[in-house]
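# would you be able to build a 3D model of this:
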Amino acid sequence: GDSSDKEESGRTTEEKDESFLRRFEAEIAAEIGKEDAVFMPSGVMAQSIALLIHQRRRRSDSTRLPNRFICHETSHLLLHEKDGYAELLNMKPIVVSTKNDVNSDGENTNHIGTPAMGFSHILQTLTDLKWSESMLTEKVAALMLELPHRELGGKITSWEDMVRLQDWCQGRKIALHCDGARL
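Here you go, the predicted structure:
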């Protein structure tokens, strides 16, 4: 096709009604109650950009950038991105385990019976690691949630925990980032 076909299908302008992709992004943003949305060609790219944005957003709050994020032990950031967060962004994870939770027969079933990350799991991990409130506020840029959690067979964090996590994060200036790849 000619250049008009390219403009019709690509993201070539900032105007939401100018291209298919901008219209799609605007539709998704409206559906989830956000001002805008950006389509990313890969989840790896999206997660790295999200972490960078959350980290840089805190620059005005401190002379040092926060270099930590909180995620579940089966987060694809840990399992599938080959330490990209460390190599590209100089960030380190605070890994939350839910493995101690077992199925109704008392057996650990290699994530089949593992619940999604909840509010109590995060608090327990931070308590075990002896993270203080000031350390959290100073060093943690984001809490990353996968919704639904692919490695756990599509399980999701409960709505009640989502609300508690949002309030908890806001009180500490920590971004709550929901990976909505499967929205």
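
# contacts for the longest strand along the chain?
The single longest strand within the chain, with elements called by DSSP state E, is strand 140-146. Around strand 140-146, the neighbours that count as contacts under C-beta atoms under 8 Å, 6 or more residues apart in numbering are 47, 50-51, 54-55, 57-58, 65-72, 75-77, 91, 94, 117, 122, 157, 162, 165, 169, 172, 174-179, 181. All C-beta atoms are positioned from the backbone trio N, CA, C, and that covers glycine.

# what residues sit buried inside the helix or strand that it is followed by?
Once strand 140-146 ends, the next helix or strand along the chain (criterion: DSSP states H and E) is helix 159-170. Neighbour-count burial for helix 159-170, counted by 16 or more other C-beta atoms under 10 Å, picks out 161, 162, 164, 165, 168, 169.

# for the residue nearest to the spatial centre of the chain, which non-adjacent residue is closest in space?
Using C-alpha atoms, centre = their mean, the residue of the chain that lies closest to the mean C-alpha position is residue 144, 3.1 Å off. The shortest distance from residue 144 to any non-neighbouring residue, by C-beta to C-beta, 6 or more residues apart in numbering, is to residue 71 (4.4 Å).

# need the contact list for the one you found.
77, 78, 93, 94, 95, 96, 117, 143, 144.

# okay, and the beta partners of the last one?
If I follow you right, that is residue 144. On the basis of DSSP bridges, residue 144 is bridged to residue 177.

# the fourth one too?
Following DSSP bridges, residue 94 is listed with bridge partners residue 70.

# now do it, the pLDDT please.
What the model reports as pLDDT for residue 94 is 96.

# with the second one instead?
Model confidence at residue 78, given as pLDDT, is 90.

# what is the distance between the helix or strand hosting it and the centre of its chain?
Element membership for residue 78, per DSSP H and E: helix 76-79. Relative to its chain's centre, helix 76-79 lies at 11 Å (C-alpha atoms, centre = their mean, to the nearest Å).

# against which helices or strands is that helix packed?
Packing partners of helix 76-79 (3 or more C-beta pairs under 8 Å, 6 or more residues apart in numbering; DSSP states H and E): helix 43-57, strand 68-72, strand 92-96.

# could you rerun that using 7 Å?
Under the contact definition 3 or more C-beta pairs under 7 Å, 6 or more residues apart in numbering; DSSP states H and E, helix 76-79 sits against strand 92-96.

# relative to residue 120, how far out is residue 127?
For residue 127, the distance to residue 120 equals 10 Å [C-beta to C-beta, to the nearest Å].

# so which of those two has more stuff around it?
Neighbours were counted for residue 127 and for residue 120 using other C-beta atoms under 10 Å; residue 120 has more, 12 against 9.

# work out for me the element the more buried one sits within.
Using DSSP H and E, residue 120 sits within helix 119-128.

# tell me the mean pLDDT over that helix?
So the average pLDDT for helix 119-128 ends up being 94.
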